[in-house]
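Visitor: this one's structure only:
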């Protein structure tokens, strides 16, 4: 393997690390989960299309940066979660989808850094390492949206009953 390949590897590592910092600056209040590109499409069947990838088996086994970087919002829903908590998690799925999509686009630069077969291999590796995270976000988001609506309805019923 030549030097250009290793420069490509370093490039990919740097953009991966910087993406976590960049994600902090994405304004969550501007993200609309019911609008393009985050909305749930009919062909996704509320995330069920990802069951073909057996996503339930492996989605909790992939690295989770919120476990490493403690200031990030945890990606798990606690038993005492409110509709507001779940909506914050929905926004985080949008941020994660943005970050991994941008990483795929930025990884196209490896073709300029190391042209040829090595660039193709490096790009495919970037693609294969980022696509699963996009699939996880698109799989989880419909479930979180449904849970948030149910929790909001429950909280509204409790308010009406005086609890």
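Guide: Arrived safely, thanks for sending. The structure presented is a predicted model; accordingly, all values stated were derived computationally and were not measured.
Visitor: Residue 34 in helix, strand or coil?
Guide: State at residue 34, reduced to three classes by DSSP: H, G, I helix; E, B strand; the rest coil: coil.
Visitor: Over to residue 31: give its phi and psi.
Guide: Backbone dihedrals for residue 31, given as degrees, to the nearest 10, come out at phi -80, psi 130.
Visitor: how close does it get to residue 147?
Guide: Note on residue 31: its distance to residue 147, by C-beta to C-beta, to the nearest Å, is 18 Å. Where you see a C-beta, it was placed from the backbone N, CA and C, and this is true even at glycine.
Visitor: Next secondary structure element downstream of the lowest-mean-pLDDT helix or strand in the chain?
Guide: Here the helix or strand of the chain ranked lowest by mean pLDDT, DSSP states H and E is helix 65-68, holding a mean of 66. Using DSSP states H and E, the helix or strand that follows helix 65-68 in sequence is helix 83-106.
Visitor: Next, report how far the helix or strand following that following helix is displaced from the centre of its chain.
Guide: Counting by DSSP H and E, the element after helix 83-106 in chain order, helix or strand, is helix 110-113. Centroid displacement of helix 110-113 relative to its chain, using C-alpha atoms, centre = their mean, to the nearest Å, is 25 Å.
Visitor: For helix 110-113, buried residues please.
Guide: Within helix 110-113, the residues that count as buried by 16 or more other C-beta atoms under 10 Å are 110, 113.
Visitor: so how far is the helix or strand that it is followed by from its chain's centroid?
Guide: Remark: after helix 110-113, the chain's next helix or strand is helix 117-161, criterion DSSP H and E. In terms of C-alpha atoms, centre = their mean, the centre of helix 117-161 is set 6 Å apart from its chain centre.
Visitor: Could you give the average pLDDT over helix 117-161?
Guide: When pLDDT is averaged over helix 117-161, the result is 92.
Visitor: so it versus helix 83-106, what angle?
Guide: Interaxial angle, helix 117-161 versus helix 83-106 (axes from the mean of the first three to the mean of the last three C-alpha atoms, to 10 degrees): 170 degrees.
Visitor: Just name whatever secondary elements helix 117-161 is in contact with.
Guide: Other helices and strands packing on helix 117-161, by 3 or more C-beta pairs under 8 Å, 6 or more residues apart in numbering; DSSP states H and E, are helix 3-24, helix 55-58, helix 83-106, helix 110-113.
Visitor: distance of the residue nearest the centre of the chain from residue 105?
Guide: By C-alpha atoms, centre = their mean, the chain has its centre lying nearest to residue 96, at 3.0 Å. The gap separating residue 96 from residue 105 is 15 Å, by C-beta to C-beta.
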